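Q: sharing a model prediction with you, sequence too.
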Amino acid sequence: MEPTEIAGLLKKERFPLEVKGITEFRGQVSVTVGKGKIVEILQFLHDTPELSFDYLEDLCGMDYLGRKEPRFEVVYHLYSMDHRHRIRIKAEVPEEDCVIDSVVDIWEGANWHERECLDMFGIVFNGHPDLRRILMPEDWEGYPLRKDYPVEGPEKKWRGFVEVLDKAERFKQFEWKG
């Protein structure tokens, strides 16, 4: 089945009220949906034998600060090993309610991606089994991939920064001088 057919199936037959838009660019199809039924939509794409999207290639966040509303999107890149087709699902997430349901129960590999999305964008995933920072220290303030995050980093230095520099200096004595 072609990606445009799959998008049409979602819009016309299965989730007409949830699909907000379909775009195609260079053979890649994106379906923009509301976040309310994201688990149902993705479960349908996973479980329907004619579609069989059994592989979550990627899950990432997007920040459109000042360009469009809602500000954030969670983007799911899906692939079917059986049918060799792919599609992109974009779930809109408003800034004032920066929460979306987790899809770890559908694809276990979403675990790490959702944690990264929380860490970098501050998007919370309801029902995630272990939602905590994965790239930044637990006590880090802010979300580095948000468009309003300062380019130079936070105003005050992370408190672990000085400690890391001190350890690096102390451990220089153990470096290989071969």
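A: Here it is on my side, so go on.
Q: and the gap between residue 84 and residue 51?
A: Computed as C-beta to C-beta, to the nearest Å, the residue 84 to residue 51 distance reads 12 Å. Where C-beta positions appear, they are placed from N, C-alpha and C, glycine not excepted.
Q: what about those two, which has more around it?
A: Shown here are residue 84 and residue 51; by other C-beta atoms under 10 Å, residue 51 has more neighbours (21 against 7).
Q: now do the SS call for that one.
A: coil (DSSP: H, G, I helix; E, B strand; the rest coil).
Q: how about it, phi and psi?
A: Per-residue torsions, residue 51: phi -100, psi -60 (degrees, to the nearest 10).
Q: so that it lines up with my notes, have the first residue be 23 from now on.
A: Taking 23 as the first residue, the last one we looked at is residue 73.
Q: does it touch residue 24 like I think?
A: No - Residue 73 sits out of contact with residue 24 when judged by C-beta atoms under 8 Å, with a separation of 11.7 Å.
Q: and the residue nearest the centre of the chain, what is it in contact with?
A: In the chain, the C-alpha nearest the mean C-alpha coordinate belongs to residue 82, at 2.7 Å (C-alpha atoms, centre = their mean). Residues near residue 82 by C-beta atoms under 8 Å, 6 or more residues apart in numbering: 96, 97, 135, 138, 139.
Q: which one is the last one nearest to, not counting chain neighbours?
A: Right, residue 139. residue 83 (4.5 Å; C-beta to C-beta, 6 or more residues apart in numbering).
Q: ok, the fourth one next?
A: The shortest distance from residue 138 to any residue that is not its chain neighbour, by C-beta to C-beta, 6+ apart, is 5.7 Å, and that residue is residue 156.
Q: now do that neighbour against residue 32, distance only.
A: Residue 156 is 31 Å from residue 32, by C-beta to C-beta.
Q: identify the residues contacting stretch 56-70?
A: Contacts for stretch 56-70 (C-beta under 8 Å, 6+ apart): 28, 32, 36-37, 40, 42, 55, 73-76, 96, 98, 100, 109, 111, 113-115, 122-125, 127-129.
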